[in-house]
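A.B. asks: Structure here, sequence nowhere to be found:
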Ligand code: ZN
């Protein structure tokens, strides 16, 4: 394990095709009947269509390759200092319940001659978040992609998120935040680099 696993294994290639809205509509209609609702009543009549539209957006990341955002970088042989982007807001869906989990991602990397703009890193987070996800996997996929595509000397990702499947049902712990981290390369091997990143993302 050197943090340079082939991306293909970690970030599956985008699936062919798109989200099938008609199938979602039919399925939502069934769910409404199954919970004992009347899908014909006025407030619900458009719900299957609306949910199909919404899922097409929320799961659009399944059909997109996040790596394209990292192709638009610029060469900078001089810059080898840590780059940190903190508080990148994101919304994702937990794959166990298809309920939202949302929060912020903090992303750091130590460039190795290539740098990408702030917005590109945010797009990577967004693309990977718009899939059925678990927070741990989202965290490591972002770090692995930065290592693989930027050939970074190190990558660090910390995600803080609230999961609605934990706060609105089940154990019901409102306000509880789950924190996950993925450290690669220098951030894993060098305690000072890791400490610098952690103090930068904690600073308010
Ligand atoms: Zn869940």
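C.D. replies: On my side now, so go ahead. Keep in mind that what you see is a predicted model, and the values were worked out from it rather than measured.
A.B. asks: Those residues of the chain touching the ion, which are they?
C.D. replies: Residues of the chain lying near the ion by Cβ under 5 Å from the ion: 94, 96-97, 165. Bear in mind the C-beta positions are built from the backbone N, C-alpha and C, glycine included.
A.B. asks: Which members of those residues are classed as buried?
C.D. replies: By neighbour count, with 16 or more other Cβ atoms under 10 Å, these hold 94, 97, 165 as buried.
A.B. asks: Checking the second one next. Helix, strand or coil?
C.D. replies: Meaning residue 97. coil (DSSP: H, G, I helix; E, B strand; the rest coil).
A.B. asks: Just give the closest residue to it, not the sequence neighbours.
C.D. replies: Nearest non-adjacent residue to residue 97, counting by Cβ to Cβ, 6 or more residues apart in numbering: residue 165, 4.1 Å away.
A.B. asks: and the helix or strand harbouring the one you found, how far out from the chain's middle?
C.D. replies: Secondary structure from DSSP states H and E places residue 165 in helix 164-167. How far helix 164-167 lies from its chain's middle: 18 Å, per Cα atoms, centre = their mean, to the nearest Å.
A.B. asks: contacts for the next helix-or-strand element following that helix?
C.D. replies: Where DSSP H and E defines the elements, the next helix or strand beyond helix 164-167 is strand 178-185. Here strand 178-185 makes contact (Cβ atoms under 8 Å, 6 or more residues apart in numbering) with 3, 101, 110, 135-136, 138-140, 142-144, 146-147, 152-163, 166, 194.
A.B. asks: Let me know whether my guess that residue 93 is in a helix holds.
C.D. replies: No - Residue 93 is assigned strand when assessed by three-state DSSP, not a helix.
A.B. asks: Give me the buried positions along stretch 196-204.
C.D. replies: By neighbour count on 16+ other Cβ under 10 Å, the buried set for stretch 196-204 is 196-198, 201.
A.B. asks: from the chain's centre, how far out does the one helix or strand residue 143 maps to sit?
C.D. replies: Per DSSP H and E: residue 143 is located in helix 135-150. Counting by Cα atoms, centre = their mean, helix 135-150 is centred 9 Å from the centre of its parent chain.
A.B. asks: Can you spell out which helices and strands pack onto it?
C.D. replies: Applying 3 or more Cβ pairs under 8 Å, 6 or more residues apart in numbering; DSSP states H and E, one finds that helix 135-150 contacts helix 7-10, strand 83-94, strand 100-110, helix 118-129, strand 154-163, strand 178-185.
A.B. asks: try 10 Å
C.D. replies: When contacts are defined as 3 or more Cβ pairs under 10 Å, 6 or more residues apart in numbering; DSSP states H and E, helix 135-150 packs onto helix 7-10, strand 83-94, strand 100-110, strand 114-115, helix 118-129, strand 154-163, strand 178-185.
A.B. asks: Done for today, thanks.
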